[in-house]
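# Build me a structure from this.
(one chain, ligands or ions: 2)
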Amino acid sequence: MTDMQTAEMADNNSPSTESTLSEISAGDGPPKMTTRNVNVFYGEKQAIKDVSIDVNMDNVTAFIGPSGCGKSTFLRCLNRMNDTIPIAKVTGDITLEGEDIYAPQMDVVQLRARVGMVFQKPNPFPKSIYDNIAYGPKIHGLATGKEELDQIVENSLQRAGLWGEVKDRLQDSGTALSGGQQQRLCIARAIAVDPEVILMDEPCSALDPIATAKIEELIHEIRGKYAIVIVTHNMQQAARVSQRTAFFHLGTLVEYGVTSDIFTNPVQDKTRDYITGRYG
Ligand SMILES: Nc1ncnc2c1ncn2[C@@H]1O[C@H](COP(=O)(O)OP(=O)(O)O)[C@@H](O)[C@H]1O
Ligand SMILES: [Mg+2]
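Ligands and ions are numbered 1, 2, ... in the order given. Now for the predicted structure:
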């Protein structure tokens, strides 16, 4: 397809079923999650228009775009968090390991363990560090006894790069930690229930540069163990942590591809304008 045709397609708002697979695909491996022709409405207002992309295990996928373009809305489709917003309506097809996550028989509690989420503002439970991590494995029946639970807590905190800092104070409140530690605690909490996908919605926007660097390092370390999708308004961060980038504008997916291509050689003028700071 020529650039001209691609641009035309975007302008005509044609269904993305017509997109070539390489525009949707997340990489070489089989997709962990697929999304096809996803629309999201808040009442009458359409916030996401006909978006189709895949995410896989090999790559960290970044969602970028100006504020209000629908990044969080689309991210929330991936673990049905939009279900919690009464006026939100989602259409289209979204699968996890080939399973329709919007099927009536889908257990949403189970789904949100398989597709965990980390929010902009760290939100530890007002409980001990230990209980913050142990809570999920307990309700999902992942540990048979105290020893196994202790092991899950330790492993999760290790993976989240927090163990060394908290191992002597596991009974302290999670809310007493610094912002960056709280965010790593929330990542450890997501990891504790053995997820397949981790969604992060601007996880560093409330953090200082040092805490941000630690989270980015952590993302590098856990990449490949989980499919990771990160929303960020920080383009440098997207360039640093991701291998695939999706650029959203006014509810549409303008371009999805290899991160270095998006930042150095985008196909769409809109993408170029955004990454060169012409609007945002
Ligand atoms: N709970 C909601 N109720 C109504 N409209 C919403 C809600 N959440 C988001 N929106 C609207 O949907 C659009 C996309 O928002 P959002 O997904 O938060 O964008 P982003 O994360 O890219 O900043 C915006 O116009 C926003 O006002
Ligand atoms: Mg948002």
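# how about low-confidence regions in the stretch 151-280 of the chain?
Where the stretch 151-280 of the chain drops to pLDDT under 70, the residues are 280.
# beta partners of the residue nearest the centre of the chain?
By Cα atoms, centre = their mean, the chain has its centre lying nearest to Leu199, at 2.5 Å. For Leu199, the beta-bridge partners under DSSP bridges are Met117, Val229.
# Kindly provide the distance from it to Asn132.
Distance of Leu199 to Asn132, computed by Cβ to Cβ, to the nearest Å: 19 Å. C-betas here are computed from N, CA, C, even on glycine.
# same question, Asn56
In terms of Cβ to Cβ, Asn56 sits 29 Å off from Asn132.
# more neighbours, these two?
Asn132 (26 against 20; other Cβ atoms under 10 Å).
# What strand or helix carries that one?
In this structure, Asn132 sits in helix 129-139 according to DSSP states H and E.
# avg pLDDT for that helix?
Average pLDDT, helix 129-139: 97.
# right, and the helix or strand after it?
Next element after helix 129-139 (DSSP H and E): helix 146-159.
# Quick one: residues in contact with that following helix.
129-130, 133-134, 137-138, 142-143, 163, 166-167, 170, 185, 188-189, 191-192, 221-222, 225 (Cβ atoms under 8 Å, 6 or more residues apart in numbering).
# repeat that for 10 Å
Helix 146-159 has contacts (Cβ atoms under 10 Å, 6 or more residues apart in numbering) with 129-134, 136-138, 142-143, 162-167, 170, 184-185, 187-194, 218, 221-222, 225-226.
# Next up, the contacts around Pro137.
Applying Cβ under 10 Å, 6+ apart, the residues contacting Pro137 are Ala113, Ala143, Glu148, Leu149, Gln151, Ile152, Val153, Ser156, Arg189, Ala192, Val193, Asp194.
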